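Visitor: After the sequence you'll find the predicted model.
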Amino acid sequence: MKEKIITIDGPAASGKEKISKYISRKWKFKHLDSGILYRRLALIFFNENIDVNNLSKIKKKIREIKYLSYRKNQKLRTQEISKLSSKIAVHIFIRNFVNKLQYDFVKKNKNNQGFVIDGRDIGSVVFKNADLKLYIDVKAEIRAKRRYKQLIDSGEKSIYPKILKEIKLRDNKDKLRKNSPLVIPKDAFIINNNSSFSDTIKQIKPLLNNL
Ligand code: C5P
């Protein structure tokens, strides 16, 4: 039987990760967070002091990279890396590189029940023939409030207006870019994640049970 592919797209801090993890646990699907790959690249450029405005330098570096880890860590989550990942994600050669890693991941893990893959262009570009496409919708103010609480709870300093501003900037960058902008995929179900998680799950469960 062909393994199922579920795509989850949505703006920054819309809860894609929490929803993906829930689906992965409950339906035993392998989870792939494509944002991690963009963040890993951004961290490499940052650590190696590579100027991301210098296209020939970043192209050269990309040719040298053979593998990127999907593992998460706190260093990938800083505001600096969030901004940098959005900045490099506009380039087609970066996107092609990341997409190939995603296709390899699915190929390598073929004997799984299925995959839940989240990002910005997964249902619209990367896995256009997915079995189920979800688009997560949450107001920017609610996303910023949740992100602010997360940071404060983990003991970090945070300023709400600054978080809101950065979320809006990242939204614009992701939605207005020429290559693979963030859009609602044509055949996607829009999931309203403005309220409680249990409310969100109520919208998702029947869609997955009907697969
Ligand atoms: O999802 P996350 O916030 O970790 O992604 C970091 C950045 O990587 C996003 O702001 C976006 O610019 C980029 N990204 C993308 N396409 C994806 C996943 C992430 O352009 N499929």
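Guide: That came through, no problem. Treat the numbers as computed from the prediction; the structure is a model and nothing was measured. Numbering: from 1, shown residues only.
Visitor: low pLDDT regions in the protein?
Guide: 1 (pLDDT under 70).
Visitor: ok, for the residue nearest the centre of it, nearest residue in space, not its chain neighbours?
Guide: The residue lying closest to the centre of the chain (C-alpha atoms, centre = their mean) is residue 119, at 2.9 Å. Of all residues not flanking residue 119 in the chain, residue 34 sits nearest, at 3.5 Å (C-beta to C-beta, 6 or more residues apart in numbering). C-beta: built from backbone N, CA, C; applies to glycine.
Visitor: Now do the same contact list for the one you found.
Guide: By C-beta atoms under 8 Å, 6 or more residues apart in numbering, the residues touching residue 34 are 98, 102, 117, 118, 119, 120, 122, 126.
Visitor: could you pull out the helices for this structure?
Guide: All helices of the chain, identified by DSSP state H, fall at 16-27, 34-47, 55-64, 79-88, 92-108, 140-153, 160-176, 197-209.
Visitor: could you give the angle of the fourth one to helix 92-108?
Guide: In this structure, helix 79-88 runs at an angle of 100 degrees to helix 92-108, with axes from the mean of the first three to the mean of the last three C-alpha atoms, to 10 degrees as the basis.
Visitor: Can you give me the buried ones in helix 79-88?
Guide: 81, 82, 84, 85, 86, 87, 88 (16 or more other C-beta atoms under 10 Å).
Visitor: same question, the third one
Guide: For helix 55-64, the buried set under the neighbour-count rule, 16+ other C-beta under 10 Å, comprises 58, 61, 62.
Visitor: want to throw these into a markdown table with distance to residue 26?
Guide: Below are these laid out as a markdown table (distance: C-beta to C-beta, whole Å):
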| residue | distance to residue 26 |
| --- | --- |
| 58 | 39 |
| 61 | 39 |
| 62 | 36 |
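Visitor: interface residues of the protein facing the ligand?
Guide: By the rule C-beta under 6 Å from any ligand atom, the part of the chain lying against the ligand is 12, 34-35, 38-39, 85-86, 89, 119-122, 170, 174.
Visitor: if we go to 5 Å?
Guide: Residues of the chain that fall close to the ligand, judged by C-beta under 5 Å from any ligand atom: 12, 34, 35, 38, 85, 86, 89, 119, 120, 121, 170, 174.
Visitor: how deep is residue 150 tucked in, by neighbour count?
Guide: Neighbours of residue 150 under the rule other C-beta atoms under 10 Å: 14.
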